[in-house]
Structure formats: C-alpha cells, structure tokens
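> quick check, what structure comes out for this input:
(2 chains)
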Amino acid sequence: MFDRNTLRALAAGDRHADRVVPPTGFTAQLTLFVSGAMAFLAVFALALSLASGRLADRWGDELARTATIRIVAPEDQRAIQTTAALQVLSTTPGIANARALTDEEQQALLAPWFGQDLPLDTLPIPRLIEIEATDQGFDATGLRLRLAAEVPGAVLDDHGRWREPLVSAAQRMRLLGWTVALLIIGAVAAMVTLAANAALAANAQVIAVLRLVGATDSYIANAFVRRFTLRALVGSAVGTFIGLIAVWIMPSGGETPGFLTGLGFSGLGWLVPIVLPVVCAAVALLATAYAASRALRTLT
Amino acid sequence: MIELENVAYSYGGGELLSDISVKLAPGSFHFLTGPSGAGKTTLLKLCYGALLPTAGHVRLFERDVRSLERDDVAMIRRRVGVVHQDVQFLDHLSVSDNAALPLTVSGRQADTANGDLTELMAWVGLTHRADAMPPELSGGERQRAALARAVIMSPDVVLADEPTGNVDWDMSQRLLTLLVELNKMGKTVLLATHDLSLIRAAKAQVQARVLRISNRRVQLAGADL
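As a prediction, the model looks like this:
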C-alpha cells in the first residue's frame, strides 16, 4: 500500500499539498474527539491489564512461597506432633523458615469469626505451622509422604487449591484488558474509515479538479491520509494525557493493592500508554489509505 | 501528438461517436463544432484520457490510452491543459492558488514560479483578482482563470470545451485571442464550440482547421462556415 517514498512524503508533509483538500470542520472534530475518547478508554484498559498482570504475578509468587501445616491431634499429642513436624521441616530441602503459630496469633486469626474471647484451651483447635519456602520451592508431594509417615496428624496445605483460581482470574483480567484495548483500536480504525469515506465523498468535486490538473491518485490519497493521521495523533495524544492524569490521581492501595486501588501503572508501565497515540496514528494512516484507495478507484 | 483512429464511443447502449479519425499535429489549431449533444465534449474527453474508446485507438503522445496506468494518465494531463465551459475550482483557494494548482500537484512549488504566475495572471488580465476567491469571479473571469490554470505548466496541447459559452461577445473575442496567442507560441489548440461566428472571427487571426461532428462522425468543414 505504501512504498518508502510515499511514507517519507507523508512524514515530511507538504504545506502546499495539505491545502488542496478543503478543511472539513465536522469530520475533523469527529476524528479528534473519537480518537481522544478512545485513547482515554484505552489507557484504562491498559491500566486494568497491567494491574491484573501485577496481581497475578504477586499472588502467584507470594502464595507459591508459603504453605501451612495443620496439626490435628488429641491435645496430649499436639505438642509432640508439632515438634516432630518442625523437625521434618527442618530437614526438608526448599524450606527457608517454619514456625508454629502462638496461641495469640491463632486467636487473632479466628477473632473475626468467633470474637476475641474464644477459649482456645477448651476447643480442639489444630495447631498451625507457617512455612516459608526458598525461591526454589519444596517438593509438596514428598513432604506430604514424609509427614504421613512421621507425623500422622499433620495436614499440608500448599494454598494451591485457592491460589490457582485467583491467579487464573487475574490472568484472564489481563487478557480481557488487552482485548478491550485491541477492540478500541479496531473501533478507531472503523471510525476513521467512515470519516475518511465521508470526507472523500464530500470532496468528489475537489478530486475531479485535482485529477484534471494532473494529480496522481497517491498525491490525492496522501493529502487525506496526512490530515486524518495528524488528527488521530493529536486527538489520541490529548486523550492519553488526560487518561494518564486520571489514572495517576486514583487513590493508591499502598502496600496491599487490590483490583480497584491497584488500578494503574507501575515503573516502566507508565511508558506503555505513550505508545497509544503512535498506534492510533498508524491505524488512522492505514484506515484512511484503505478508504482512499477504494474511493479513488470508484470515483471517475 | 494526439491521434484518434477509427474511434467509436458508446454510452447507455447507443453509439455517440463512430469511426472517428482525427490527428492533432504539433502547433496546429483546430475548431470542433457541431450542435449541442453531438459529442464534442465526449471527443475532447477522449483526447485527454478521461474516457476510453469503445472501439478504435486513441494515442496520446505516442502511447495507446488503453495501455496507460492511472498515474500515466495523470502525467499526460500535465501536458494537456483543459478548459471546460462549466469550469470547476477549489473554492477554498484563491484565484492565483487555483491557477498554480498544476504546479502544486506536480511537486513544483508555486512560490518558486511566482514570477511566471504573476506574468500569467497579467496575461489573462486577472492581476487585480489574484487574491479573490473563485465564487467571487464573473463568468468571463472564471474562464480566464481556467485558461491560466490550463497553461501554467506550459502544456503541449490546450483543449477548450465551449470556453465562450457563458460569456459575452467581447469576452469571447478576448478568450479567442488568448488561445490564438498560445497557438502562436507553438501550442496545439483544440477549441470545441457551437458558435460559428466565433470560428469566422478567428479566421482572420489564425489558420485553423474546422472539424464538424455530424451523425456521430467527424468531417472536415468546408467553405460554408
């Protein structure tokens, strides 16, 4: 569709050529507004996607490195089995740290459900052992077999049962965010194509005059392509800027961000939306070139 | 330069032109006459590649028009200046910008050819209207502006389709004089008109051949004009 010379001419611009197409107020404003609005929405879609990605990574990493052992045994056996389990853990490769929770810590964990005055000593509450794995992790299957042999009351919970759906949900949210961003770009392409078609149809007489005086189709097409590309670039740059400010002023969740409070960009992630105006301009360029080549083939 | 050989052109199921053979030699002046609807405009359009013949051959600058790509047609139009009766301009550009349009689309900046443009506007008598917008022009001024636009690239051929159709007798004479001057500069001119008095008036100024379209065919007109 474009050779190198055409692209160079498009990039360089042509003050005189740009003037041959009359200014079209309505389509100009439409293109600017829709590009801006779409870029604004795309910033949020990207923020959602990147935030979901971070949550998926965090949940995946943090929860994969922790596990819990419950010691479910008669009261007179509980302390012995706890000690035995800690002994097993101390000789298990991949375990960085393991400790039994104190009564106070267990009380604090149950307090939201049973209140502060729960008499732990009168209830058969299992003892909990908190495990922190090394970066390499531990062999959960092997550990289960050892515990079954040496500590019959120990039950290993590596959090996989509830970690996996959460990570999977976060990953789907990330995919959804990218899908929305792509749909928005597709909508920009459709809108620019419609606006360019309208502009070309409205300027049929201009095109006839230009052809009469020896303008090539690529010259005529470029005059429209340059105009729509520039509009999409300016509109989406403004929309992206406003979107970034909106994301920036959203309340932060601090150290423990959730989906809403963690919606935003982090580190180099702030650079990702900057690509949006370039993508919108490229999409507008291709859409207008497509519309122009079709229209110029049919206009005589 | 421009050659039509056994050309026919059909439109809407009917044959408008039949077995036309015309050759426009370099530096020649031709009138094309005939009643309204005879096919004068169609013949002119065949002469600059705006229409393709349904039979026969049209050769523009030694090239068969059927073998031309769209860009080739554009290049040929830079060598053929065209003036229509119902002349169209880009209404958002000034008269001088419109006159310079062929330079603009061919990549030659009108700024650098400013001297030529000023001279040309003076030649067609529109210096005082150079900055006006096309809708502000009278019929005669529009035709002269169109002529300026048609010749700014110094084309080899000028085709004029009823350029005097919407103007009074004095303006007709003025336009005719401009076309004759172009011919004396070596340009080939084909002027389509149904106005026989214009042709008679031209006889004193230029040696011209008169082609008449009659019954779909072109014949060389005789002394009855």
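
> ok, A:Leu30 - contacts?
A:Met191, A:Ala195 (Cβ atoms under 8 Å, 6 or more residues apart in numbering or on different chains). The way it works is simple: take the backbone N, C-alpha and C, and place the C-beta from them, glycine included.

> please redo it, this time with the cut-off set to 10 Å
By Cβ atoms under 10 Å, 6 or more residues apart in numbering or on different chains, the residues touching A:Leu30 are A:Thr24, A:Met191, A:Val192, A:Leu194, A:Ala195, A:Ala198, A:Ala199, A:Arg231, A:Gly235.

> the stretch 151-300 of chain A against chain B: which residues are in contact?
A:203, A:205-206, A:208-220, A:223, A:296-297, A:300 (Cβ under 10 Å from any Cβ of the partner chain).

> how about the contacts of A:Leu30, which pair is most distant?
Spanning the widest gap among these are A:Ala198 and A:Gly235, at 16.6 Å by Cβ to Cβ.

> what's the domain layout of chain B?
Listed by automatic domain parsing, the domain ranges of chain B are B:1-79+B:156-225, B:89-154.

> quick one, what contacts A:Leu145?
A:Asp139.

> am I right that it is in a helix?
Yes. The assignment for A:Leu145 is a helix, going by DSSP: H, G, I helix; E, B strand; the rest coil.

> hmm, back to that, more neighbours: A:Ala198 and A:Gly235, which one.
It is A:Gly235, of A:Ala198 and A:Gly235, that has more neighbours when counted by other Cβ atoms under 10 Å in any protein chain shown, with 28 against 15.

> please report how far that one lies from A:Ala281.
For A:Gly235, the distance to A:Ala281 equals 10 Å [Cβ to Cβ, to the nearest Å].

> what does A:Ala187 give?
Distance from A:Ala187 to A:Ala281, by Cβ to Cβ: 15 Å.

> neighbour count: these two, which is higher?
Set A:Ala187 next to A:Ala281 and count neighbours by other Cβ under 10 Å: A:Ala281 wins out with 22 against 16.

> can you tell me the closest non-neighbouring residue to the more buried one?
Spatially, and ignoring its direct neighbours in sequence, A:Ala281 is nearest to A:Leu233 (3.9 Å; Cβ to Cβ, 6 or more residues apart in numbering or on different chains).

> then A:Val72?
The shortest distance from A:Val72 to any non-neighbouring residue, by Cβ to Cβ, 6+ apart, is to A:Pro126 (4.5 Å).

> what's the pLDDT at that neighbour?
Among the per-residue scores, A:Pro126 shows a pLDDT of 88.

> surely it touches A:Pro74?
No. The pair A:Pro126 / A:Pro74 is not scored as a contact, 11.2 Å apart, by Cβ atoms under 10 Å.

> quick revisit: overlap of the contact sets of A:Gly235 and A:Ala281?
In terms of Cβ under 10 Å, 6+ apart, A:Gly235 and A:Ala281 are both contacted by the residues A:Ser35, A:Val188.

> centroid-nearest residue for chain B?
Centroid-nearest residue in chain B: B:Leu159, 1.8 Å away (criterion: Cα atoms, centre = their mean).

> any idea how far that residue lies from A:Pro74?
Separation of B:Leu159 from A:Pro74 (Cβ to Cβ): 112 Å.

> still on that earlier bit, which of the contacts of A:Leu30 are buried?
Buried subset of the contacts of A:Leu30 (neighbour count, 16 or more other Cβ atoms under 10 Å in any protein chain shown): A:Thr24, A:Met191, A:Val192, A:Leu194, A:Ala195, A:Ala199, A:Arg231, A:Gly235.

> now list whatever residues contact both of A:Pro126 and A:Pro74.
Common contact partners of A:Pro126 and A:Pro74 (Cβ under 10 Å, 6+ apart): A:Gly153.

> compare the domains of chain B and give me the one nearest A:Ala169.
The closest of the domains of chain B to A:Ala169 is domain B:1-79+B:156-225. By Cβ to Cβ, the value is 55.1 Å.

> check contacts around the spatially closest residue to A:Gly153 that is not a sequence neighbour.
Spatially, and ignoring its direct neighbours in sequence, A:Gly153 is nearest to A:Ala73 (3.3 Å; Cβ to Cβ, 6+ apart). Contacts for A:Ala73 (Cβ under 10 Å, 6+ apart) come out as A:Ala79, A:Ile80, A:Gln81, A:Thr82, A:Pro124, A:Pro126, A:Arg127, A:Val151, A:Pro152, A:Gly153, A:Ala154.

> got phi/psi on B:Leu90?
Dihedral angles of B:Leu90 (phi, psi; degrees, to the nearest 10) stand at phi -90, psi 110.

> ditto for B:Gln85
Note on B:Gln85: backbone dihedrals following degrees, to the nearest 10 are phi -60, psi -50.

> please name the residues that touch it.
Each residue near B:Gln85 by Cβ under 10 Å, 6+ apart is listed here: B:41, B:139, B:143, B:146, B:160-167, B:192-193.

> anything in the least confident helix or strand in chain B by mean pLDDT near chain A?
Across the helices and strands of chain B, mean pLDDT, DSSP states H and E gives its lowest value to helix B:114-123, namely a mean of 80. No. Against chain A, helix B:114-123 shows no contacts by Cβ under 10 Å from any Cβ, the least distance being 12.8 Å.

> packing partners of that helix?
Here helix B:114-123 touches helix B:95-99, helix B:139-151, helix B:169-184, going by 3 or more Cβ pairs under 10 Å, 6 or more residues apart in numbering or on different chains; DSSP states H and E.

> want to throw those into a markdown table with mean pLDDT?
Below are the helices and strands packed on helix B:114-123 laid out as a markdown table (pLDDT from 0 to 100):
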| stretch | mean pLDDT |
| --- | --- |
| helix B:95-99 | 93 |
| helix B:139-151 | 90 |
| helix B:169-184 | 87 |
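
> now distance to A:Gly264 and mean neighbour count too, for those, in TSV please.
TSV is the format used below for those (distance: least, Cβ to Cβ, whole Å; neighbours: other Cβ atoms under 10 Å in any protein chain shown):
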stretch	distance to A:Gly264	mean neighbour count
helix B:95-99	51	25
helix B:139-151	58	24
helix B:169-184	70	18
